[in-house]
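**Q** Output the structure for:
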Amino acid sequence: QVQLAESGGGSVQAGESLRLSCTFSGDTRSIACMGWFRQAPGMMRMGVARISFGSGGEYYVDSVKGRFTISRDNADNKVYLQMTGLKPEDTAMYYCAAVRCRTWISDYWGQGTQVTVAS
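**A** All right, here's what the predicted structure looks like:
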């Protein structure tokens, strides 16, 4: 089992930045890749970024490419999502998840952290 906890959400103005953190614990050796997802009201949850713990390779969906950066700190069991140039359409609940590499299939989820971007 893996436990995940997100933090760092908040309310910002368009164009501002936020950094989300995800702390993971438990059977951390089983984690090969991690992802960040978001879910806006009335929408399905969708992946926005993921990272491989082994290679460090990153993947972003087009809507956040160039604005969001995913990173990891294996020593501290943390994954981050640096978000810059935030837009109102980025408003959502953000979740981190342990995912199967090169997929959005997730086995473990955090509780989420809310990001609200005002225009």
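
**Q** wait, doesn't residue 27 sit right on residue 1?
**A** Yes: the pair residue 27 / residue 1 is scored as a contact, 5.9 Å apart, by Cβ atoms under 8 Å. C-beta coordinates here come from the backbone N, C-alpha and C atoms, glycine included.

**Q** Those two - which one has more neighbours?
**A** With neighbours defined as other Cβ atoms under 10 Å, residue 27 and residue 1 compare such that residue 27 has more, 12 against 8.

**Q** residue contacts, that one?
**A** Contacts for residue 27 were tallied using Cβ atoms under 8 Å, 6 or more residues apart in numbering; they are 1, 2.

**Q** can you give me the strands for this protein?
**A** With DSSP state E as the criterion, the chain has strands at 2-7, 10-13, 18-26, 33-39, 46-52, 58-60, 68-73, 78-83, 92-99, 106-109, 113-118.

**Q** For those strands, give me CSV that also has mean neighbour count and mean pLDDT.
**A** What follows is the strands of the chain, written out as CSV (neighbours: other Cβ atoms under 10 Å; pLDDT from 0 to 100):
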stretch, mean neighbour count, mean pLDDT
strand 2-7, 17, 96
strand 10-13, 13, 98
strand 18-26, 18, 96
strand 33-39, 23, 97
strand 46-52, 21, 97
strand 58-60, 16, 97
strand 68-73, 17, 96
strand 78-83, 22, 98
strand 92-99, 24, 97
strand 106-109, 16, 88
strand 113-118, 17, 98
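
**Q** Tell me which residues are up against stretch 51-60.
**A** Against stretch 51-60 from outside (Cβ under 8 Å, 6+ apart): 31-35, 48-50, 68-72, 74, 79, 101.
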